[in-house]
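> have a look at this fold, sequence not included:
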């Protein structure tokens, strides 16, 4: 039987909807299975302290809040006092990724490589058009949220990203078994 109450995971997912609109993306974010997300969101499976910690580390929401009875308290940040909002998540991610610029560029390259691989998977599965539509939607979202670099900056950044993409491609081909190259 599915719970009619909103579980704490369901509440959190609704707050994070701009970033994790599907169970698959939320599962990837928190490092737990899609099955776990579905069952816990529906109230069919209780959240364990270990899972609460994983969700908290990924999102910045309080693990203590996640373990409370659904609807007992509104969501709060890790300090157990500040109300948790989508801005809380943005701050959490920004603070987690405060790394030197070189690592940030490498992360962008890895992200782009992952997007390209996913798009190739969509091509193989005969789902190229919907994947392309989602890719354009994501690009518009990023541009609206973060803007664009001017042309001069864009060219130097693109060169850096291309360099990092080349390194990711070499690393990927070196780590795959020969039968997958």
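Cool, got the structure. Since the structure is predicted, the reported quantities are computational estimates derived from the model, not experimental observations. Numbers count the residues shown, from 1 in each chain.
> which element is the residue most central in space within the chain on?
The centroid of the chain falls nearest to residue 29 when counting by Cα atoms, centre = their mean (4.2 Å). For residue 29, the element it lies in under DSSP states H and E is helix 23-30.
> next, the buried residues of that helix.
Neighbour counts over helix 23-30 (16 or more other Cβ atoms under 10 Å) mark 23, 26, 27, 29, 30 as buried. (Each C-beta comes from the backbone N, C-alpha and C, glycine too.)
> how far does it sit from its chain's centre?
Helix 23-30 sits 7 Å away from the centroid of its parent chain (Cα atoms, centre = their mean, to the nearest Å).
> which helices and strands does it pack with?
helix 34-41, helix 49-59 (3 or more Cβ pairs under 8 Å, 6 or more residues apart in numbering; DSSP states H and E).
> what's the angle from it to helix 49-59?
Orientation check (axes from the mean of the first three to the mean of the last three Cα atoms, to 10 degrees): helix 23-30 against helix 49-59 gives 90 degrees.
> tell me if residue 72 really is in a helix.
No - with DSSP: H, G, I helix; E, B strand; the rest coil as the criterion, residue 72 is coil rather than part of a helix.
> residue 83: neighbouring residues, count only.
By other Cβ atoms under 10 Å, 10 other residues sit near residue 83.
> wait, it touches residue 65, no?
No - using Cβ atoms under 8 Å, residue 83 makes no contact with residue 65, being 10.4 Å away.
> which residues do the two both contact?
Both residue 83 and residue 65 are in contact with 75, 76, where contact means Cβ atoms under 8 Å, 6 or more residues apart in numbering.
> run a quick neighbour tally on residue 78.
18.
> where does this protein have low pLDDT?
1-5, 21, 97-110, 150-152, 154, 164, 167-181 (pLDDT under 70).
> isn't residue 27 up against residue 39?
No - counting by Cβ under 8 Å, residue 27 sits too far from residue 39 to count as a contact (11.3 Å).
> ok but residue 111 is inside a helix, no?
Yes - under three-state DSSP, residue 111 sits within a helix.
> for it, give me its contacts.
Contacts of residue 111 (Cβ under 8 Å, 6+ apart): none.
> and residue 148, how far from residue 137?
17 Å (Cβ to Cβ, to the nearest Å).
> from the buried residues of helix 23-30, which is closest to residue 94?
Ranked by distance to residue 94 (Cβ to Cβ), the buried residues of helix 23-30 are led by residue 29 at 15.3 Å.
> from residue 92, how far off is that closest one?
Using Cβ to Cβ, residue 29 is found at 11 Å from residue 92.
> residue 134 now?
Distance of residue 134 to residue 92, given as Cβ to Cβ: 25 Å.
> who's more crowded, these two?
residue 92 (19 against 14).
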